[in-house]
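Q: starting from these lines, generate the structure:
(chains A and B)
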Amino acid sequence: MRPEIAGKAGTHVHGWIRLASFGVFAAALMTITPTALLAQSATVIEAPASVDLAVSTTKLLAIGSFTAKATPNVWKPFLPSEVRETVRLYLAGKIDQWYVKSDQSGVVFVMNLTDPKEAQDLLGKLPMGQAGLMEFQFIPIGPLSPLRVLLTEPAK
Amino acid sequence: MTQVENPRVHAEILPSLAAVVAPTNKILAIGSVTAKGTPEAIAPVLPFEVRATVRNYLAGKIDQWFFQADGYGVVFIMNASSSAEAHEILEKLPLGVAGMMEFELIPLAPLKPLAMLIGEPPQK
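A: The predicted structure is shown next:
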């Protein structure tokens, strides 16, 4: 049943491939079997009979990386306009949080969007995106669903 | 240099540029299950994992937490100033100890290019 993920054992497989395979994996994990949890019913911590880990997307994590042709000499002239366009996206409510990656390989945004295509559309129109200097990968994220295991009734 | 190599780095490591360099103040941690982390293996550990995660939040170590909506994994933004510091916290989580989850760590810093906008206010 489990998808093939042996490939990531050696080197890191590209993020998209990993995410794609975990999508199938997640389906198998959505409902954890009651029998698996019964096995630990003797422990102090009791878990609910089943844990639904499904969660809807509320934000997108966007990881922007310079492309191979984006050497500092090439991208530096784009910076003033890139900054302004990024601030406009923030002011439009599209960007929730913004960071620079400390290794200078790009940026990380948390976006108030749920559709990666819409995000790609917006970020692809940034000056560096149009020039092919930066590309983004998206990870749809939502509430930390495993917190559900804490929602059992308090002990009387 | 024990820092985990970031597989998303496309360009070669660039020389430091004043325009983009700021101190690392957060670590992005993308957690994914390993081949050992089958649903059957994870289920009994999950209640412990959740509690350990909440304790890290209460201790101020985890700033934000998310679940990957398209896959089984988490995304944390951590209050740490180096990958090593974040790694030390995350490797002690039950799923990490059991080798069922591993994290990709990406050090983050303030959006330094914003500094380009804060020159002197326009003169009247």
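Q: now do stretch A:86-101: everything it contacts.
A: Residues outside stretch A:86-101 that contact it (C-beta atoms under 8 Å, 6 or more residues apart in numbering or on different chains) are A:59, A:65, A:106-113, A:122-123, A:126, B:6, B:20, B:22, B:26, B:28, B:77, B:106-114, B:117. For glycine as for every other residue, the C-beta is placed from the backbone atoms N, C-alpha and C.
Q: what about those, which are in helices?
A: A:Leu122, A:Leu123 (DSSP state H).
Q: give me the pLDDT for residue 30.
A: Since you didn't name a chain, this refers to chain A. Looking at A:Met30, its pLDDT reads 43.
Q: switch to chain B, please.
A: The model's pLDDT for B:Ile30 equals 98.
Q: now do B:Val21
A: Value listed for B:Val21 in the pLDDT field: 76.
Q: close enough to count as contact, it and B:Ala109?
A: Yes - using C-beta atoms under 8 Å, B:Val21 makes contact with B:Ala109 at a distance of 7.5 Å.
Q: which of those two has more neighbours?
A: For the pair B:Val21 and B:Ala109, the greater number of neighbours falls to B:Ala109 (20 against 14), based on other C-beta atoms under 10 Å in any protein chain shown.
Q: returning to what we had before: now the buried members of the contacts of stretch A:86-101.
A: A:59, A:65, A:106-113, A:122-123, A:126, B:6, B:20, B:22, B:26, B:28, B:77, B:106-109, B:111-113 (16 or more other C-beta atoms under 10 Å in any protein chain shown).
Q: any idea how many residues pack against B:Ser81?
A: By other C-beta under 10 Å, the residues close to B:Ser81 number 16.
Q: contacts only, for the nearest residue to A:Leu147 once chain neighbours are set aside.
A: The shortest distance from A:Leu147 to any non-neighbouring residue, by C-beta to C-beta, 6 or more residues apart in numbering or on different chains, is to B:Val50 (6.3 Å). Residues in contact with B:Val50 (C-beta under 8 Å, 6+ apart) are A:Pro146, A:Leu147, A:Val149, A:Leu150.
Q: make a PyMOL selection of the buried ones in those residues.
A: To isolate the buried subset of the contacts of B:Val50 in PyMOL, counting by 16+ other C-beta under 10 Å, use the following:
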select buried, chain A and resi 146+149
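Q: please identify which pair of the contacts of B:Val50 lies farthest apart.
A: Farthest apart among those by C-beta to C-beta are A:Pro146 and A:Leu150. That separation is 8.7 Å.
Q: in the one helix or strand in chain B whose mean pLDDT sits lowest, what counts as buried?
A: Of all helical and strand segments in chain B, the minimum by mean pLDDT, DSSP states H and E falls on helix B:39-42, at a mean of 89. By neighbour count on 16+ other C-beta under 10 Å, the buried set for helix B:39-42 is B:Pro39, B:Ala41, B:Ile42.
Q: how much space between the residue nearest to the second one when sequence neighbours are not counted and B:Ile42?
A: Which is B:Ala41. Distance criterion C-beta to C-beta, 6+ apart; nearest residue to B:Ala41, sequence neighbours excluded, is B:Met100 at 6.0 Å. From B:Met100 across to B:Ile42, the span is 6 Å (C-beta to C-beta, to the nearest Å).
Q: tell me what A:Val100 is bridged to.
A: In this entry, A:Val100 is beta-bridged to A:Val107, B:Ala109, by DSSP bridges.
Q: and B:Ile62, by the same measure?
A: Counting by DSSP bridges, B:Ile62 is bridged to B:Met78.
Q: I'd say it and B:Val74 touch.
A: No - in this structure, B:Ile62 is not within contact of B:Val74 by C-beta under 8 Å, at 9.9 Å.
Q: quick one, what contacts B:Tyr57?
A: Counted by C-beta under 8 Å, 6+ apart, B:Tyr57 has contacts B:Trp65.
Q: does it lie in a helix or a strand, and which?
A: Using DSSP states H and E, B:Tyr57 falls within helix B:46-58.
Q: how close does the residue lying closest to B:Phe48 once chain neighbours are set aside get to chain A?
A: Excluding its sequence neighbours, the residue lying closest to B:Phe48 (C-beta to C-beta, 6+ apart) is B:Pro94, at 4.5 Å. Look at B:Pro94 and chain A: by C-beta to the nearest C-beta, to the nearest Å, they are 11 Å apart.
Q: hang on, isn't B:Pro94 packed against B:Thr53?
A: No - B:Pro94 is beyond contact range of B:Thr53, at 9.4 Å (criterion: C-beta under 8 Å).
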